[in-house]
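J.: Show me the folded form of this:
(one chain, ligands or ions: 1)
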Amino acid sequence: MSDDAPTPEVVRAEVQAWVATGWDRSLSLREWRERLVDAGWAVPSWPREWHGRGLPPWADDVVRREIQRGGAVATVPAGLAGPTILEQGPDLARERFLRPLLTGEEVWCQLFSEPSAGSDLAGLTTTAVLDGDEWVVNGQKVWNTSAHHADLGMLLARTDWDAPKHQGITYFVLPMKQPGVEVRPLRQMNFHASFNEVFLTDARIPKDWVVGEVNKGWTAALATLAHERHFGALGRARFDGLDEGPALDQARSEAAEIAKVYAWYPQRAGRVDLVVDHARTRGRHHDPLVRQEIARLLSMHRASEWTAERARAARATGRPPGPEGSIGKLALSHVARQAARVHALIGGAGAMLAGTDPHSPLDGLLAEILVSVPAQSIAGGTDEIQRNILGERSLGLPREPDPAKGLPYREARNG
Ligand SMILES: Cc1cc2nc3c(=O)[nH]c(=O)nc-3n(C[C@H](O)[C@H](O)[C@H](O)COP(=O)(O)OP(=O)(O)OC[C@H]3O[C@@H](n4cnc5c(N)ncnc54)[C@H](O)[C@@H]3O)c2cc1C
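T.: Next up is the predicted model:
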């Protein structure tokens with residue numbers, strides 16, 4: 001942070017003064033967010049030329065809290081697309097996409113994974129070919145969260161089959177609402193349907209809707225993945241104590257819509273918060289084995305929160321995402337698995353009963369925890385991949401052998 005950067009107290013006072021005059025409870029959510037973006041308070045850590053105030057990264061949290069303290073609705077999180085486009089550009093993309101993302105006018109999804117390219121993401125085969133002023137895209141994506149209601153997709157597609165695996169990929173912005181894009185929801189084993197298959201058949205993308213540079217999409221993809229590891233658990237929107245009015249009503253319905261997709265995410269993280277009460281209700285809190293496993297869980301959970309805090313502190317000083325992203329993500333998987341184990345130990349065979357059964361512990365939540373926890377170790381890069389990243393990039397171990405290295409991808413794939 002430079003010496004002339006303002007202190008949190010100065011920023012707090014400034015945003016309080018602005019909210020006192022800028023907030024008006026009769027505004028619609030869109031009008032309010034436009035005011036926030038115009039004033040640079042939506043994401044104050046972004047540069048002034050891109051809707052921010054050039055403040056240090058800690059300012060985003062400080063400002064969000066002050067806006068809510070002033071009775072107003074806070075801004076939408078910039079998600080993964082926002083920071084990627086901000087970092088990778090070009091200006092044309094920053095100009096076109098950042099503002100509607102911050103006002104919430106355009107909802108995004110991530111179109112990276114394919115049926116045979118998940119961990120080996122650079123092995124993707126969805127192909128984009130330039131045809132006049134448009135790219136024409138064919139292929140299939142899978143596991144795409146929110147694709148069923150997204151306006152735009154962060155799409156990785158191969159644009160040069162004669163370049164080596166990682167070098168012929170381009171990062172596009174795909175308009176989702178068009179005839180060439182077919183989105184089919186997938187039903188999960190916990191009965192939710194938060195992600196989809198996306199079939200692309202001659203889908204069209206304007207020539208300039210590229211993030212970074214053509215054939216250099218891997219660099220931009222790595223930026224998105226690094227942010228994804230840091231994304232962590234999704235916080236619930238908080239509206240207590242805010243001023244009633246159109247903006248709050250619309251923010252509540254927007255949050256309810258988002259909650260439909262993410263309702264099972266707390267269960268996916270293991271519901272550590274319920275463990276002690278669960279043991280008490282079932283009369284298992286005196287059992288030494290249960291107590292020992294709960295103690296193990298709570299210490300792992302506390303350590304994982306400290307890791308997350310360490311990552312937040314690093315970000316607040318402006319450090320780019322580092323190994324604590326992979327460490328933190330692995331820790332969340334360990335905690336989720338241990339939580340599921342402890343809940344099952346407490347619940348016994350009843351843990352297998354679904355929510356519809358009157359004897360199901362925690363009103364069916366326990367069964368949902370057990371079938372949702374495995375996703376924690378997969379989404380955003382599996383545990384094994386996080387270990388590979390740590391081994392290779394942090395511990396300096398030899399890299400995984402890559403038989404396709406340096407070969408034109410067309411040849412590597414055939415061979
Ligand atoms: C809840 C959830 C939400 C998701 N949302 C999205 C989304 O919005 N957009 C999107 O594009 N994708 C999304 N995904 C997909 C996710 O990114 C992939 O599932 C993930 O990257 C793993 O890829 P895969 O499923 O193809 O498994 P695979 O890559 O086939 O892996 C299978 C197994 O092999 C192991 N393995 C593979 N390669 C190696 C290796 N080199 N070394 C050691 N072990 C290895 C893996 O760890 C895993 O255990 C989501 C997934 C989940 C669960």
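
J.: ok, for the closest residue to the ligand within the stretch 51-200 of the chain, nearest residue in space, not its chain neighbours?
T.: Closest contact between the stretch 51-200 of the chain and the ligand, by Cβ to the nearest ligand atom, is at Gly118 (1.9 Å). All C-beta spots, glycine's among them, are computed from the backbone N, C-alpha and C. Excluding the flanking residues, the one nearest Gly118 by Cβ to Cβ, 6 or more residues apart in numbering is Trp143, at 7.5 Å.

J.: what does the stretch 101-250 of the chain put close to the ligand?
T.: 110-113, 118-119, 143-145, 195 (Cβ under 6 Å from any ligand atom).

J.: Next up, phi/psi of the residue nearest to Gly118, please.
T.: phi 60, psi 30 (degrees, to the nearest 10).

J.: check contacts around it.
T.: Residues in contact with Trp143 (Cβ atoms under 8 Å, 6 or more residues apart in numbering) are 113, 118, 186, 195-196.

J.: Just want the residue of the stretch 201-350 of the chain that's nearest the ligand.
T.: Arg268 (7.0 Å).

J.: How about the contacts made by that residue?
T.: Contact partners of Arg268, counting by Cβ under 8 Å, 6+ apart, are 336, 372-373, 375-376.

J.: And it, what's its pLDDT?
T.: Note for Arg268: predicted pLDDT of 94.

J.: same thing with Ala295?
T.: Looking at Ala295, its pLDDT reads 98.

J.: Which is the succeeding secondary structure element to the helix or strand encompassing it?
T.: Here Ala295, judged by DSSP states H and E, is contained in helix 288-316. Note on helix 288-316: by DSSP H and E, the next helix or strand toward the C-terminus is helix 324-347.

J.: Name the next helix or strand following that next one along the chain.
T.: Remark: after helix 324-347, the chain's next helix or strand is helix 365-372, criterion DSSP H and E.

J.: and the strand ranked longest in the chain, how far from the chain's centre?
T.: Longest strand of the chain, by residue count under DSSP state E: strand 196-206. Relative to its chain's centre, strand 196-206 lies at 22 Å (Cα atoms, centre = their mean, to the nearest Å).

J.: same check, this time on stretch 202-216
T.: Counting by Cα atoms, centre = their mean, stretch 202-216 comes out at 22 Å from the chain centroid.

J.: neighbouring contacts of stretch 352-366?
T.: Outside stretch 352-366, the residues that touch it by Cβ under 8 Å, 6+ apart are 267, 271, 274, 278, 282, 343-344, 346-347, 350-351, 367-368, 370.

J.: how about the residues you listed, which pair is most distant?
T.: Farthest pair in these (Cβ to Cβ) is Gln267 and Arg282. Separation: 18.3 Å.

J.: Neighbour count for these two, which is higher?
T.: Gln267 (26 against 16; other Cβ atoms under 10 Å).

J.: I figured that one hits Ala375, correct?
T.: No. The criterion here is Cβ atoms under 8 Å, and Gln267 misses it with Ala375 at 9.5 Å.

J.: Where does pLDDT dip in the stretch 1-150 of the chain?
T.: 1-4 (pLDDT under 70).

J.: go with 90
T.: By pLDDT under 90, the low-scoring segments of the stretch 1-150 of the chain are 1-6, 8-9, 56-58, 60-61, 73-79, 104, 149.

J.: quick one: the strands in it?
T.: 108-111, 127-131, 134-142 (DSSP state E, counting those that start in this stretch).

J.: Now tabulate these in a markdown table and tack on mean neighbour count and distance to Ala404.
T.: Formatted as a markdown table, the entries for these read as follows, by neighbours: other Cβ atoms under 10 Å; distance: least, Cβ to Cβ, whole Å:
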| stretch | mean neighbour count | distance to Ala404 |
| --- | --- | --- |
| strand 108-111 | 26 | 23 |
| strand 127-131 | 16 | 17 |
| strand 134-142 | 20 | 19 |
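
J.: would CSV of those strands with distance to Thr356 be doable?
T.: Below are these laid out as CSV (distance: least, Cβ to Cβ, whole Å):
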stretch, distance to Thr356
strand 108-111, 31
strand 127-131, 45
strand 134-142, 29
